[in-house]
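> Fold the following, please.
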Amino acid sequence: MGRAGLPGSSLAGSALALVHTVGGTFGPEVMVPAGHAVWVRQSEEISFLGKVTVAHVVTYFVVGAAAAAMLDYESVFAAPIVRDYMKDFGSVAVLIGPLVQVFRGLIIAAVLLPFRSALIPRYGWLRLWMLLIGIGILSTAAAAPSSVEGVIYTRLPLWYHLIGLPEMLGQTLLFSIATALIARHPTGVLAALPPIFERLLRALVAASLAFAGYAVVSVLFALSAGAEIDPGESLTLKVQGLFIAPFLINGIIAFVATHGLTARARLVAALVSFSAGVVVIALYQAVVSGGTNLPYALIAPAVPAAILWVLMPRESRRSGPEPLADVR
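As a prediction, this is how the structure comes out:
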């Protein structure tokens, strides 16, 4: 991680550190320019920020979707007192909530950056989880739901404080485990996994991010048409079933693409994703809904296809194929 930086922060110390002795695979006597060591440190820090942000967004999305499927959030938000505290479940602010998590993830990652070495030991994940529970849930600075001060100083019913705890505990647990793995394997968590698990995880992440693209396009279409967004209707199997096949198709494409691809191959993969999405959405709407919204069928798959194209493995110009590009 950040242990290979320049010794000291003064200009004189930086000038004297023209070379930096490093161990590892190069041996104890190999001399590396100090500027390179600084570049490596900065690259690792940027990588940590990006990976931890992605870990937050993915765990928030997965746990939040599971909680929404099990709990009737629309009724919860409409309950007395709660409705004065929370915005409507179907409001735009709530629907774009997952996108706001990118900024939250960056803030959390920036705060953890100076302490990432404390996450490397075996139980580093447990330390982080206990910290998040203590400061981020139970003892927040404000009287937030599920916090001690929230229970004492707000008029929110006790059941509302308790109903959100499993979701918060689950999300922070998964996030803590993922962040500890990121700190422990700065060159890549996936490199520490067996090849088949690495491919499956990459495919799942790529398909999930592409699915988020469908969600964004769907919300924008509804808003542009002036349609009222009904959360209860949107989360039904009939509506969500529209995206099952595209999710599987994008996952398969990401799973198959395990080696460095040429620019043409990456473009072909994106076009396959887009074309399959158009056909599946049009057929599903025609069979299930009784009619096809052609503009939506043609536009909706574009964003997921672009996301998949970005995540496709790139062919290295210097040393052959690189591993599948994950967000690092």
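
> Near Pro295, how many other residues are there?
Neighbours of Pro295 under the rule other CB atoms under 10 Å: 10. All C-beta spots, glycine's among them, are computed from the backbone N, C-alpha and C.

> and if you look at Gly136?
For Gly136, using other CB under 10 Å, the count is 15.

> dump the residue contacts of Gly251.
203-204, 206-207 (CB atoms under 8 Å, 6 or more residues apart in numbering).

> Repeat that for Leu204.
Applying CB under 8 Å, 6+ apart to Leu204 gives the contacts Gly251.

> tell me the pLDDT at it?
For Leu204, the pLDDT comes out at 85.

> mind checking which helix or strand it is in?
helix 195-224 (DSSP states H and E).

> between the contacts of Gly251, which has the most around it?
Highest neighbour count within the contacts of Gly251: Ala206, with 27 neighbours (other CB under 10 Å).

> What degree of burial does the nearest residue to that residue once chain neighbours are set aside show, as a neighbour count?
Nearest residue to Ala206, sequence neighbours excluded (CB to CB, 6 or more residues apart in numbering): Ala254, at 3.6 Å. When counting by other CB under 10 Å, one arrives at 26 neighbours for Ala254.

> these two touch, right, Ala254 and Trp309?
No: using CB atoms under 8 Å, Ala254 makes no contact with Trp309, being 11.0 Å away.

> The residue nearest to Ala206: which element?
If you go by DSSP H and E, Ala254 is part of helix 244-256.

> which residues touch the helix or strand just after that helix?
On the C-terminal side of helix 244-256, the nearest following helix or strand under DSSP H and E is helix 263-284. Here helix 263-284 makes contact (CB under 8 Å, 6+ apart) with 210, 241-242, 245-246, 249-250, 253, 257, 261, 292, 294, 296-298, 300-302, 304-306, 308-309, 312-315.

> next one: stretch 162-171
Contact with stretch 162-171 is made by 59-60, 63-64, 66-67, 71, 76, 133, 137, 145-146, as judged by CB under 8 Å, 6+ apart.

> Name the residues of it that are buried.
163-164, 167-171 (16 or more other CB atoms under 10 Å).

> next one: stretch 112-119
Using 16+ other CB under 10 Å as the burial criterion, the residues of stretch 112-119 that qualify are 112-113, 116, 119.

> what do you get for stretch 206-221?
Buried residues in stretch 206-221, counted by 16+ other CB under 10 Å: 206-219.

> likewise stretch 124-142?
124-125, 128-129, 132-133, 137-138, 140.

> can you give me the end-to-end distance of that stretch?
Taking CA to CA, to the nearest Å, stretch 124-142 runs 27 Å from one end to the other.

> so how far is it from its chain's centroid?
A distance of 20 Å separates the centroid of the chain from that of stretch 124-142, by CA atoms, centre = their mean, to the nearest Å.

> cool, stretch 199-213 as well?
Centre-to-centre, stretch 199-213 and its host chain are 10 Å apart (CA atoms, centre = their mean).

> Likewise for stretch 43-57?
That offset, for stretch 43-57, works out to 10 Å (CA atoms, centre = their mean).

> do stretch 111-123 as well
The chain centre lies 19 Å from the centre of stretch 111-123; the measure is CA atoms, centre = their mean.

> With stretch 71-90 instead?
Averaged C-alpha coordinates place stretch 71-90 at 26 Å from its chain's average position (CA atoms, centre = their mean).

> Only C-alpha atoms, please: export that stretch in PDB.
Written as PDB, here are the backbone C-alpha positions of stretch 71-90 (Å, rounded to 0.1, in the frame of the first residue of the first chain):
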ATOM      1  CA  LEU A  71     -39.900  -5.200   3.400                       C
ATOM      2  CA  ASP A  72     -42.800  -3.100   2.200                       C
ATOM      3  CA  TYR A  73     -40.900   0.200   2.100                       C
ATOM      4  CA  GLU A  74     -43.800   2.000   0.500                       C
ATOM      5  CA  SER A  75     -46.000   1.300   3.500                       C
ATOM      6  CA  VAL A  76     -43.200   2.000   5.900                       C
ATOM      7  CA  PHE A  77     -42.500   5.500   4.500                       C
ATOM      8  CA  ALA A  78     -46.200   6.200   4.500                       C
ATOM      9  CA  ALA A  79     -46.700   5.400   8.200                       C
ATOM     10  CA  PRO A  80     -47.600   8.200  10.600                       C
ATOM     11  CA  ILE A  81     -44.700  10.400  11.800                       C
ATOM     12  CA  VAL A  82     -42.400   8.500   9.400                       C
ATOM     13  CA  ARG A  83     -44.000  10.200   6.400                       C
ATOM     14  CA  ASP A  84     -43.100  13.600   7.900                       C
ATOM     15  CA  TYR A  85     -39.500  12.500   8.300                       C
ATOM     16  CA  MET A  86     -38.900  10.600   5.000                       C
ATOM     17  CA  LYS A  87     -39.700  11.600   1.500                       C
ATOM     18  CA  ASP A  88     -42.300   9.500  -0.500                       C
ATOM     19  CA  PHE A  89     -40.900   6.100  -1.500                       C
ATOM     20  CA  GLY A  90     -41.700   6.900  -5.200                       C
END
